[in-house]
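Visitor: sequence unknown, structure follows:
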């Protein structure tokens with residue numbers, strides 16, 4: 001059974017990535033519909049490619065995080081709006097307010113540590129020369145380094161999707 005896998009003419013990996021990113025949109029829509037109030041102990045770490053098409057962040061944040069950035073939606077955020085393509089949110093960085101607009105296609109990780117739930121995505125737009133991932137801190141939560149959440153023996157709910165492509 002050493003048969004090579006066949007190339008699919010159906011883009012399953014893209015379809016699955018889009019469906020899982022829609023989960024992020026639905027969760028954020030629930031928070032938006034509740035007036036920006038997170039239920040219970042829920043809070044979110046959202047990692048995204050800061051240089052991806054459609055990402056709109058202030059220049060000082062783009063300089064500081066040229067490749068990847070993680071934000072925390074927990075205590076201090078405002079004006080969360082969600083549509084079918086992405087979301088925007090107000091956050092404070094070193095007591096400087098900022099509005100961020102992030103397409104779902106730029107999101108590479110979504111984690112809700114309150115319930116051990118996480119989604120990991122392939123990057124949609126690859127940077128030809130990665131600058132390395134940077135940790136970020138926004139004033140509404142903990143230091144926002146991208147948490148590593150794995151499928152644990154305790155049954156935590158983490159989905160990692162990584163479809164390899166045959167070259």
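Guide: Received, thanks. Computed from a predicted model, the values in this text were never measured in an experiment. Residues are numbered from 1 along each chain as shown.

Visitor: Distance check, residue 8 against residue 16.
Guide: 12 Å (CB to CB, to the nearest Å). C-beta here means a position set from N, CA and C on the backbone, and glycine is covered the same way.

Visitor: whoops, residue 40 was the one
Guide: Taking CB to CB as the measure, residue 40 and residue 16 are separated by 29 Å.

Visitor: Likewise for residue 91?
Guide: For residue 91 relative to residue 16 (CB to CB), the value is 29 Å.

Visitor: The two - which one has more neighbours?
Guide: residue 91 (25 against 15; other CB atoms under 10 Å).

Visitor: Look up which residues are beta-bridged to that one.
Guide: Under the criterion DSSP bridges, residue 91 forms beta bridges with residue 98.

Visitor: That one and residue 23, how far apart?
Guide: From residue 91 across to residue 23, the span is 22 Å (CB to CB).

Visitor: Which residue is the nearest non-sequential neighbour of residue 38?
Guide: Ranked by CB to CB, 6 or more residues apart in numbering and with sequence neighbours excluded, the top spatial neighbour of residue 38 is residue 31, at 5.9 Å.

Visitor: Can you point out the buried residues in the helix or strand containing the one you found?
Guide: Using DSSP states H and E, residue 31 sits in helix 12-33. Counting neighbours by 16 or more other CB atoms under 10 Å, one finds that the buried residues in helix 12-33 are 17, 20-21, 24-25, 27-29, 31-32.

Visitor: next one: stretch 106-121
Guide: Those would be 106-113, 116-121, for stretch 106-121 by 16+ other CB under 10 Å.

Visitor: Which stretches in the chain count as helices?
Guide: Counting by DSSP state H, the chain has helices at residues 12-33, 59-64.

Visitor: got TSV for those, with mean pLDDT too?
Guide: Compiled in TSV, the helices of the chain are given as follows (pLDDT from 0 to 100):
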stretch	mean pLDDT
helix 12-33	94
helix 59-64	94
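
Visitor: Among these, which comes closest to residue 74?
Guide: Closest of those to residue 74 is helix 12-33, at 11.1 Å (criterion: CB to CB).

Visitor: Which residue ranges of this protein form strands?
Guide: Along the chain, the stretches classed as strands by DSSP state E are 44-49, 68-73, 78-82, 86-93, 96-103, 107-112, 117-120, 157-160.

Visitor: Any chance of JSON lines for those, columns mean pLDDT?
Guide: Listed next are those as JSON lines, based on pLDDT from 0 to 100:
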{"stretch": "strand 44-49", "mean pLDDT": "97"}
{"stretch": "strand 68-73", "mean pLDDT": "96"}
{"stretch": "strand 78-82", "mean pLDDT": "97"}
{"stretch": "strand 86-93", "mean pLDDT": "96"}
{"stretch": "strand 96-103", "mean pLDDT": "96"}
{"stretch": "strand 107-112", "mean pLDDT": "96"}
{"stretch": "strand 117-120", "mean pLDDT": "96"}
{"stretch": "strand 157-160", "mean pLDDT": "47"}
